[in-house]
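1. Prediction below, plus the sequence it came from.
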Amino acid sequence: MSGDDIAKVTPARLRRDAYLYIRQSTLYQVIHNTESTGRQYDLKSRAATLGWPEDRIHVIDIDQGRSGASAADRAGFQHLVAEVSLGRAGIVLGLECSRLARDSADWQQLVKICAHTDTLICDEDGLYDPAIFNDRVLLGMKGQISEFELHFLRSRMRGGILAKARRGELALALPAGLVRDRHGQVMPDPDAGVRDAVRLLFATFTATGSAFGVVRAFREQQLTFPARHRRGPRRGELFFQPLTHDRVLSILHNPAYAGAYAYGRARHATGLDGHHHTTARPIGEWTVLIKDHHPGYLTWDQYEANLAVLTANAAARGDDRAAGPPREGTALLQGLVVCGRCGRRMTIRYHSRHGTQIPEYMCQNDGIRTAQPICQHLPGDTIDSAVSDLILTALTPAAIEVSLAVTDELTAQAERADQLRRAHIQRAEHAADAARHRYLAVDAANRLVADTLEADWNTALRALAAARDDYRKATATATALDEQQRGKIRALAVDLPRLWNDPGTPMRERKRLIRLLITDVTLTRGQDTITAAIRFPGGSHHVLRLPVPLNAWQLRKTPDEVTGLIGRLLDSCTYAQIAGQLNAAGHTSSDGHPWDGDRVAKLANYHQMPSHDQRLQDRGLLTLDQIAADLGAHPCSIKRWHRLGLLTGEQADDRGIFRYHPGQARPAPADTENAVKRLGDDHRSGRRNPHRTSGKPRTPRQNVRPPSNTETTSTTTT
């Protein structure tokens, strides 16, 4: 140890701890390059030689097997930087600067923090004080050289990978259904069950034309799809699992099934937050594409046709189902409807009714992915009509002026709230800076005071972060209307009804109009009502509660009051007589037609109502055969006596069948002769109904009984 090194190891630095950082880039190096690991651990003796006690030398080796290209993925390095920043480290040891960081920015930041906290840096070559200019320059050069080294290593590896990929020899992960033989050549899976499952998937997609159709078909048939473990002790082992929508899409987009070798299908980038982002490239931008590289399950033309079908199916992309441009469909709220149960965007499905397209709003995100029942679906025609009426009735020029005034007031309040939030942030920043200065000014050896000041600083930093987060959330949702937008809204209110109801206005233009006036509509279907929460651009909202539309059978159902009236009229009227009374009262059938006897009969039979004939028999009235047997007369005589008014009865149906009152006496011959004389010589036979007038239904005399003193005879009338 030279004299300069002895001078750098001051008592103040010795009072702090020593930190030894150990890292290997990969697990392979940790397992096989044990000599390098041993050399790093030997630096602990170097710290002891410089004067640090054994119990105050901390070894940080939790980053074994991690690359030094970024500090975001290394918890040990972050812990080391934290200890140095808090002034707890007197020296930092590492075999070389590349062990501490491969990124020059991370290395320079560590050097700067060490210079600020008076911390030494020691490697295998020497001892450095970052506060000294020459040492700091040398450390900076070492960091740059380390980054250059990493760049050259990556370039060499990348060049070799690309050269091998251009020949189609770079081994890529194979999807289910493809394996490599002992010579490394790609071939279909030797398992016949795996091959059949893959072929069935492509055949089902060809038949259904959608990935969801494939999932539904597999689910209905309770089929599973093969896969192989890619890592772990069961690597390469085959297993089966239920097919999902994203798995089907991955298979349909994979060119390996078309016998093509593709490399560079995605673009990889690292954001400022340190997270890696992957985006798909179009086929023309793939790094390597070799067609007919190996046997596949379909041709390249079939593969491109499948991609074209998927593209055509994706009318709205993304999990949230963004609104997209207005289209020609009849759904007025296309792209504006949100599910009130799960909060996702709802899609549209059409069906035809009498040649007219009727929309339905459906929430089917989870249903598409897993072939489960959809979240909810609602009829679109009633909702669109209600929203249209609301817009046309509520959107008057006066209402718009009030809305604009409320919007101005809300904007002013938002500006005042924004000023308060900015002032709060400034106070929090000042408090955090003051806490920081107090902490840095205290003697590091006085731990009782330093710990308290450190806690105060952390509290101030948390308060500052909370204030900034609140400000960010508030400003992200703030919206305001400029004067041009105000003018458009005022002019639109005057001509809106005429423009809206004009048959020549395309549906696409109506959708554009509705998007100027409505932000979104949240729909929730209840047991009997549909709740539509409409949100306007100014921040206000309106809630509509609509009855759930009736089903087809409910629309064609006869009203209960008509059914009850028919049930009461059956006590005294036949089906045709009831139909006449219903038509006279202005009632129509469920399909809008006039009533007739057949319609009344069918309705009565459906509701299991006893007929008028059955009710007469239940009241004790006798049939023709029954009264003929009681009076000992022929049925024709009974009919003649009834026509002459000598027997009483009631009409039982529309065919002229009568039911007769019980307890009537047999008419005497004299009564028959008197009845004939009373009716006139033209009606001597009694064949013509004396109670019937031309053009009207027969209404026989009711409750006409022969005189009580009439003497009956036992002779049969001829």
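-> That came through, no problem. Numbers count the residues shown, from 1 in each chain.

2. all contacts plus neighbour counts: C-alpha atoms, from now on.
-> OK.

3. close enough to count as contact, Leu624 and Ala633?
-> No: counting by CA atoms under 8 Å, Leu624 sits too far from Ala633 to count as a contact (10.4 Å).

4. neighbours around Arg46, how many?
-> Using other CA atoms under 10 Å, the number of residues around Arg46 comes to 16.

5. Give me the pLDDT value at it.
-> Turning to Arg46, the model gives it a pLDDT of 87.

6. next one: the one 5 residues further on
-> Gly51 is assigned a pLDDT of 88 by the prediction.

7. same thing with the one 5 residues further on?
-> The predicted local confidence for Arg56 comes out at a pLDDT of 91.

8. what's the answer for Arg341, then?
-> Model confidence at Arg341, given as pLDDT, is 85.

9. What's the separation between it and Leu289?
-> The gap separating Arg341 from Leu289 is 45 Å, by CA to CA, to the nearest Å.

10. Which one's more surrounded, these two?
-> Leu289 (20 against 13).

11. what lines up beside the helix or strand hosting that one in the sheet?
-> Secondary-structure assignment from DSSP states H and E places Leu289 in strand 288-290. Using DSSP bridges, the strands paired with strand 288-290 are strand 261-263 (antiparallel).

12. got the buried residues for the partner strand?
-> When burial is assessed from 16 or more other CA atoms under 10 Å, strand 261-263 yields the following buried residues: Tyr261, Ala262, Tyr263.

13. Now do that strand: distance to the chain's middle.
-> 34 Å (CA atoms, centre = their mean, to the nearest Å).

14. got a list of contacts for that strand?
-> Residues from elsewhere that reach strand 261-263 (CA atoms under 8 Å, 6 or more residues apart in numbering): 165, 168, 255-256, 286-294.

15. and the next element down the chain from it?
-> Toward the C-terminus, strand 261-263 is succeeded by strand 266-270 as the next helix or strand (DSSP H and E).

16. C-alpha coordinates for the helix or strand that that next one is followed by, PDB please?
-> Downstream of strand 266-270, the next assigned helix or strand under DSSP H and E is strand 276-280. Presented in PDB, the C-alpha positions along strand 276-280 are these (Å, rounded to 0.1, in the frame of the first residue of the first chain):
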ATOM      1  CA  HIS A 276     -38.700  -3.300 -22.000                       C
ATOM      2  CA  HIS A 277     -41.300  -2.800 -24.700                       C
ATOM      3  CA  THR A 278     -42.100  -5.100 -27.500                       C
ATOM      4  CA  THR A 279     -44.000  -4.200 -30.700                       C
ATOM      5  CA  ALA A 280     -44.900  -6.300 -33.700                       C
END
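
17. re the thing from before, please indicate which of the contacts of strand 261-263 are buried?
-> Using 16+ other CA under 10 Å as the burial test, those include Ala165, Gly168, Pro255, Ala256, Val288, Leu289, Ile290, His293, His294 as buried.

18. Cys122: which of those is nearest?
-> Taking CA to CA as the measure, Cys122 lies nearest Ala165 of the buried ones among the contacts of strand 261-263, at 42.6 Å.

19. Would you map the strands across the stretch 351-500 of the chain?
-> Ranges of strands in the stretch 351-500 of the chain, per DSSP state E, counting those that start in this stretch, are 356-363, 376-379.

20. closest to Leu27 out of those strands?
-> Smallest distance to Leu27 across those (CA to CA): 47.1 Å, for strand 356-363.

21. Partner strands of the closest one and their direction?
-> Applying DSSP bridges, one finds strand 356-363 paired with strand 347-353 (antiparallel), strand 376-379 (antiparallel).

22. do you know which of the ones you listed lies nearest Ile22?
-> strand 347-353 (55.0 Å).

23. For the helix or strand hosting Ala48, buried residues please.
-> Using DSSP H and E, Ala48 falls within helix 34-50. Neighbour counts over helix 34-50 (16+ other CA under 10 Å) mark Ser36, Thr37, Gln40, Tyr41, Leu43, Lys44, Arg46, Ala47, Leu50 as buried.

24. Could you pull up the mean pLDDT of stretch 643-653?
-> For stretch 643-653, mean pLDDT rounds to 88.

25. And that stretch, how far out from the chain middle?
-> In terms of CA atoms, centre = their mean, the centre of stretch 643-653 is set 72 Å apart from its chain centre.

26. Show the end-to-end separation of it, please.
-> One end of stretch 643-653 sits 17 Å from the other (CA to CA).
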